[in-house]
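> need the 3D shape of this:
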Amino acid sequence: MVIARVVERGKPEHWAAIIRYYGVAFVIDALKNEIVFLPDDAIEKVCVYFFLSPEELLCYRRKPSKPELWI
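Reported below is the predicted structural model:
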């Protein structure tokens, strides 16, 4: 939960802090296997920062291919 919020709302220096605290392997594992939602802009930033493809991220794989309307 903490990693997801920092990735979503934090600045690069905040990202560096979570990497120092948790370790890069743990952060990447959380992104790939545990975090179920990130906004599109956060997914793009994660992919650039960690040299990942979007298909490797759980939150990207779980996105619906066609967004449904909600009322």
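> and the host helix or strand of residue 21, what's its mean pLDDT?
Under the criterion of DSSP states H and E, residue 21 resides in helix 12-22. Across helix 12-22, the average pLDDT comes to 93.
> now the very next helix or strand once past it: buried residues?
Next helix or strand after helix 12-22 toward the C-terminus (DSSP H and E): helix 24-33. Residues of helix 24-33 classed as buried: 27-28, 30-32 (neighbour count, 16 or more other Cβ atoms under 10 Å). All C-beta spots, glycine's among them, are computed from the backbone N, C-alpha and C.
> output the contacting helices and strands for helix 24-33.
Packed against helix 24-33 by the contact rule (3 or more Cβ pairs under 8 Å, 6 or more residues apart in numbering; DSSP states H and E) you find helix 2-9, helix 12-22, helix 40-50, helix 58-61.
> neighbouring contacts of the second one?
Translated: helix 12-22. If you take Cβ atoms under 8 Å, 6 or more residues apart in numbering as the criterion, helix 12-22 is touched by 2-3, 6-7, 10, 27, 30, 49.
> again, but for the last one
Among residues not part of helix 58-61, those counted as contacts by Cβ under 8 Å, 6+ apart are 31-38, 43, 54-55.
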